[in-house]
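[1] need coordinates for the below:
(2 chains)
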Amino acid sequence: MVSPREEDKSENPFYPFMLVETNLGIPIPVVHHVLAAASAEFMDNKGKLREDRSKLELSSRVLFMINPEHSTAANTRKQLIQEEVIDGQSELHLINLMFTIPRHSKSAIAWHHRKWLREFVERSTGSSFDIESERKICERTATIYPRNYYSWVYRHNLLKLMASDTAALKTEYNWSRAWVESHISDHTGIQHLERCLIMTGLEFDIIEHWSWTADNIKRYPGHEALWCHLRFCSHFAASRRKLLADSIVTFIQECMEECDRATGEEGVLLQKQLASRYSLWVARLAACSSQVDASSKALLVKTSLIYVNELMELDDHSKFYDDWSTNTFITKIDIK
Amino acid sequence: MSAEPQTPAKLQVDLHVKYIQSLNTKQDDLEYWLSEHLRVQGIYWGLNTLDMMDHLDALPRDDLIKYICSCQHENGGFGGHIGHDPHIQNTLSALQVLVTLNALDSIDTDKVVRYVASKQNDDGSFRGDDWGEVDTRFCYIALSICSLLKRLDAINVDKCVEWILKCRNYDGGFGNQPGAESHSGQIFCCVNALAIAGALHHVDRDLLGWWLCERQVKNGGLNGRPEKLEDVCYSWWVLSSLATIDRLQWINADKLTAFILSSQDLEDGGISDRPGDMVDVFHTNFGVTGLSLLKYPGLKAVDPVYCMPQYIIDSLGLPRLHQCNK
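    Prediction:
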């Protein structure tokens, strides 16, 4: 971190700020003075009908940029946009700039501000927003801040806009799948892939997708996010009468064997735990589902009873497994 | 991931009281200014913590009431601080503070109810304020406010339940809107909103309870979503949801208790998100309320649905919508 030195005060007319070309540096120790001053100016100008709105614009900009969760500053800016004091396009650039700061890029209020702005501009100009640039900002923020909840929610809403466009959904699915391959522990991104699968619906080859997920699980052991996705795939497959019990049991066995061969490696214990949990989860899914045949149910439940012991040996601390193994849990399931 | 906690200290009640009392005097801290918009919520977190530890009188009652009232707007809603715009989130916090101080008569509650009711959309969901953000959080807040004021008749509860159920996912959890990822904070909101609405039968308790207890990581702490870091605040969001659906026994309580206690600042008081980080009043409250659900000795019992002491909910004559604190 670079801080301006007191002895440079005479040569730096902006002290304690630093201005290098067009870049402004504000030292952390003085930020609270900036906020206090901006807050006072903001409150002084808010609610007053004045010809000159520039002080309100400037103070709300400082408050919002330093703290995107300052909803009153964000609201005031929306009002100034409606009054045409602030231009919609320049506000968009401001949010883009704000979203270069990782912490800021996860702000619910900032993302709502962007959504509101998009809808306002579309309403007032009659022209639609460039979806491609919206996708880009989502990709960038999802990358700089992992599991960025509101960034992905925003992207879901973009996805809804193309619900009837099969080709666009396919493109989004392919993009999402590639993204997941390089962010395998980001469950929020993986959940977006699930949205794509749901929206493309029945046309999907869920068996191929299940295998792709299973391959990734073997390649990157010990990632809960991938195992969650395998649960989703199983749920999806079961609802379409495509749950392949034999492949599931084989897959879990293979994972366990690979773990036994790779003792000591990071993630191995976790992988065993996650594989065992998956076995229990898919057994309950099958047992509760009317779309799964009796022999598959029996196989999956029988398998789960082996792995629940494994979980207890692994010192998995949830008492859930005690309930499972003493059958108080599984007997609630109708196995016919 | 942080290391296994050492033998943890006891709950430092005196230090936490001092910490909460000191919060309004830190105007040279950046955090003070960054949390300006959260002042009303901060008072709820602080006061609730104090009440749980039986130190309600550690903050000046009359000053608090006066301050809270000064944050109410003509439309009935409360801002996060004097001069800040109204929002239903701050409105709930303001109400919780006034209920705790037995001072509901200092405001016009009908106006509050009208404000909340005016935020419901046709599909049953709620907007947080006049600018239109929609989130399952706001459903919980609206139901909680109307329930505390015994005015559930003022909103369309059935429609709200219908919308919340659209936010449910295959894993049994809930997101902040239809299609969004399951998130423990949103699950707290949805499960307890359904409890208030008398609609918990829609929840698959075993499926959701399992997902929630899978939030417990190796060091005993809980995370909010898969592969996120553990965080003390989830000791509340996850645990209270488990309590409401009667699956609290699936968590390893000893390990979680140790994790929360190891997140205390043993010099200046307060609790942080995880051991070694800076404390704040938000995590202090949810650490202490979490410990209460874990039956930590010396704390008052907490109601998991309202996140307020059980005796207050009982004294309002509201039913217990959960199986705890028998």
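[2] so which helix or strand of the chain has the lowest pLDDT on average?
    Since no chain was named, I'll use chain A. Comparing every helix and strand of chain A by mean pLDDT, DSSP states H and E singles out helix A:320-325 as the least confident one, with a mean of 78.
[3] that answer is for a different chain, and I need it for chain B
    Ranked by mean pLDDT, DSSP H and E, the helix or strand of chain B with the weakest confidence is helix B:30-34, at a mean of 86.
[4] check whether the helix or strand following it comes near chain A.
    Once the chain leaves helix B:30-34, the next helix or strand it forms, by DSSP states H and E, is helix B:39-52. No - for a cut-off given as Cβ under 8 Å from any Cβ of the partner chain, helix B:39-52 has no contacts with chain A; the smallest distance is 11.3 Å. From N, CA and C alone the C-beta is placed, and that goes for glycine too.
[5] shaky segments in the chain?
    Reading this off chain A. For chain A, the stretches flagged by pLDDT under 70 are A:1-4, A:50, A:202-203, A:263-264, A:315-317, A:327-336.
[6] hmm, I had chain B in mind actually
    When the per-residue scores of chain B are filtered using pLDDT under 70, the ranges that remain are B:1-8.
[7] one more time with 90
    Within chain B, the stretches with pLDDT under 90 are B:1-9, B:24-34, B:323-326.
[8] would you map the strands across it?
    Using DSSP state E, the strands of chain B run over B:271-272, B:279-280, B:302-303, B:308-309.
[9] which one of these lies nearest to chain A?
    The minimum distance between chain A and these falls on strand B:279-280, with 13.7 Å, by Cβ to the nearest Cβ.
[10] now do that closest one: distance to the chain's middle.
    Once both centres are worked out by Cα atoms, centre = their mean, to the nearest Å, strand B:279-280 turns out to sit 16 Å from its chain's centre.
[11] okay, now residue B:121: neighbour count?
    Applying other Cβ atoms under 10 Å in any protein chain shown, we find 15 other residues in the vicinity of residue B:121.
[12] what of residue A:230?
    The criterion is other Cβ under 10 Å. On that basis, residue A:230 has 21 neighbouring residues.
[13] same check on residue A:29?
    Applying other Cβ under 10 Å, we find 11 residues neighbouring residue A:29.
[14] sort out which residues of the host helix or strand of it are buried, please.
    Element membership of residue A:29 [criterion: DSSP H and E] is helix A:28-45. By neighbour count, with 16 or more other Cβ atoms under 10 Å in any protein chain shown as the criterion, the buried positions of helix A:28-45 are A:32, A:34-35, A:38-39, A:41-43, A:45.
[15] how about JSON lines for those, with distance to chain B added?
    Formatted as JSON lines, the buried residues of helix A:28-45 follow (distance: Cβ to the nearest Cβ, whole Å):
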{"residue": "A:32", "distance to chain B": "4"}
{"residue": "A:34", "distance to chain B": "9"}
{"residue": "A:35", "distance to chain B": "4"}
{"residue": "A:38", "distance to chain B": "9"}
{"residue": "A:39", "distance to chain B": "6"}
{"residue": "A:41", "distance to chain B": "12"}
{"residue": "A:42", "distance to chain B": "9"}
{"residue": "A:43", "distance to chain B": "5"}
{"residue": "A:45", "distance to chain B": "11"}
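[16] most widely separated two among those residues?
    Distances among the buried residues of helix A:28-45 were taken as Cβ to Cβ; the most separated pair is A:32 and A:45, at 20.5 Å.
[17] okay, which residue is most central for chain A?
    The geometric centre of chain A, computed from its C-alpha atoms, lies nearest to residue A:188 (Cα atoms, centre = their mean), at 3.1 Å.
[18] can you tell me the closest non-neighbouring residue to it?
    Leaving out its chain neighbours, the residue that sits closest to residue A:188 by Cβ to Cβ, 6 or more residues apart in numbering or on different chains is residue A:147, at 4.3 Å.
[19] about what we covered before: which positions within the least confident helix or strand of chain A qualify as buried?
    Using 16+ other Cβ under 10 Å as the test for burial, helix A:320-325 gives A:320-321, A:323-325.
[20] can you list contacts of stretch B:264-283?
    Outside of stretch B:264-283, the residues that reach it under the criterion Cβ atoms under 8 Å, 6 or more residues apart in numbering or on different chains are B:2, B:5, B:9, B:11-12, B:14-20, B:23, B:31, B:35, B:41-42, B:45-46, B:49, B:221, B:229-233, B:259-260, B:262-263, B:284, B:287-288.
[21] any idea how far apart the tips of it sit?
    The first and final residues of stretch B:264-283 sit 10 Å from each other (Cα to Cα, to the nearest Å).
[22] buried sites along that stretch?
    Within stretch B:264-283, the residues that qualify as buried are B:264-265, B:269-275, B:279-283, counting by 16+ other Cβ under 10 Å.
[23] my guess is residue B:20 contacts residue B:52. True?
    No - proximity of residue B:20 to residue B:52 does not meet the contact threshold set by Cβ atoms under 8 Å, at 11.3 Å.
[24] backbone phi and psi for the residue nearest to residue A:188, please?
    Recorded main-chain torsions at residue A:147 are phi 50, psi 50, according to degrees, to the nearest 10.
[25] residues near it, how many?
    Other residues near residue A:147 come to 24 when the count uses other Cβ under 10 Å.
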